[in-house]
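Asker: I'd like to go over a predicted model; first the sequence, then the structure.
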Amino acid sequence: MSKTITSGDVQDMPKVELHVHLGGTITEETARDLAGRHGLNPTEALRLVDDQYPGTYRDFSDFLDTFLASNSLVRTPDDLYLVAQRFARNQARENVVWSEVIFTAMIYVRNGMDPRAMWGALTAGLSEGGEGVRIGIVVDVIRDLGREEAEATIRLVEAADAPIVGLCLTGIENTVPTIDFTVMRDASNVLDLGLEVHAGEMGPPSSITDSLDILNADRIGHGVAADRDQALLARLIREQVPLDVCPTSNVAILAEYPSIEDHPVARFWDAGVNFTVSSDDPPFFGTTVTQELMKVAHVASLSQDDLLELQRRAVRNSFASEDTKTWSLGKIRSWEQESP
Ligand SMILES: [Zn+2]
């Protein structure tokens, strides 16, 4: 019988987080600091309730309004550095040894930021987490913006001097068809990058199938809609397709999951789905990766060994180099041996 898990144990445990958007890590404090830098009144510039993000949202567009209010304040390379630095330091506090952070490069370039300055500020900020923290960048394309956006993003990635480990398709499913993004699969192959596709979050199960059959996605972001299609779920289990599951994000945005108890994560665990747990946009949902793991441990009755296995699984599902995978597994093993 393994011991009761505490959030202190989970915070202390070396963790691997594969799905967190850099723009989604801007805390209320950072957003206020950025508003101040640009001479704006935070109360007017941000969508805060009692000085906090609302935490839950009517729907995705309500969330997006809050997200964009804060993200529109990241205007200079120095702003980007600040956001990246605070993210890296937060991952250090949370003992996340390997993170894959999703970064929408085109937003900044379209707003006039010089790409070289952008990658430089991002890379410098992400390196501020100290010795125990490594971070890889996953550059995303917002699906709604179509194939040209994907091509422009790929050109940016090809020219970048930054620790990029993957490409990612985000945005609203069922806006632009998946077939339009085969350029992302081709580029991932040529550049030796992983490919993650957000699918089966707000969209139907067929969005997951398309991501696998058309893009040969290496990982699915969310994928919770598979809970509504037993044949697809069986396939995900049979093929051990990696899913990045972010339970609080789904509860905060999607009407079909009023609470964590309604979310499929416990069924996924019992059925043997190859999922890992991430925070997505943590301050916007009032959560942390530690809290996400605690919630999953609670609803799926996980032991400490199960949580450690989830971290090892995240290493296996990651886009990290072999060196970083070995290093991350070593951190997990050492902690396991030292923990009582
Ligand atoms: Zn996401």
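Answerer: Everything's here; your move.

Asker: In the stretch 151-300 of the chain, mark out all the helices, start to finish.
Answerer: 182-191, 205-213, 230-238, 247-253, 265-271, 289-300 (DSSP state H, counting those that start in this stretch).

Asker: Mind listing what's buried along the fifth one?
Answerer: Under the neighbour-count criterion of 16 or more other CB atoms under 10 Å, helix 265-271 has Val265, Ala266, Phe268, Trp269 buried. C-beta: built from backbone N, CA, C; applies to glycine.

Asker: Tell me the one among these nearest to Phe181.
Answerer: Phe268 (25.8 Å; CB to CB).

Asker: Assess the claim that that closest one and Asp244 are in contact.
Answerer: No: using CB atoms under 8 Å, Phe268 makes no contact with Asp244, being 11.9 Å away.

Asker: Tell me who's in contact with Arg134.
Answerer: Val97, Trp98, Ser99, Ala320, Thr324, Trp327, Ser328 (CB atoms under 8 Å, 6 or more residues apart in numbering).

Asker: From Gly171, how far off is the last one?
Answerer: Separation of Ser328 from Gly171 (CB to CB, to the nearest Å) stands at 29 Å.

Asker: right, and Ala314 touches Leu18 too?
Answerer: Yes: counting by CB under 8 Å, Ala314 does reach Leu18; the two are 5.7 Å apart.

Asker: Now do the shared contacts for these two.
Answerer: Joint contacts of Ala314 and Leu18 (CB under 8 Å, 6+ apart) are Thr276.

Asker: Show me which of these two is the more surrounded one.
Answerer: Shown here are Ala314 and Leu18; by other CB atoms under 10 Å, Leu18 has more neighbours (31 against 26).

Asker: residue contacts, the nearest residue to Ile214 once chain neighbours are set aside?
Answerer: Once flanking residues are discounted, Ile214 sits nearest to Thr178: 4.8 Å by CB to CB, 6 or more residues apart in numbering. By CB under 8 Å, 6+ apart, the contact set of Thr178 is Val197, Ser207, Asp210, Ser211, Ile214, Leu215.

Asker: Closest to Leu254 out of these?
Answerer: Of the contacts of Thr178, the one sitting nearest to Leu254 (CB to CB) turns out to be Ser207, at 13.9 Å.

Asker: ok, that closest one - how many residues close by?
Answerer: 21.

Asker: where's it relative to Arg228, distance?
Answerer: In terms of CB to CB, Ser207 sits 12 Å off from Arg228.

Asker: coming back round to it: which of Ser328 and Gly171 has more neighbours?
Answerer: Ser328 (23 against 19).

Asker: What are the phi and psi values at the more buried one?
Answerer: phi -60, psi -40 (degrees, to the nearest 10).

Asker: That one contacts Trp98, doesn't it?
Answerer: Yes: applying CB under 8 Å, one finds Ser328 in contact with Trp98, separated by 4.7 Å.
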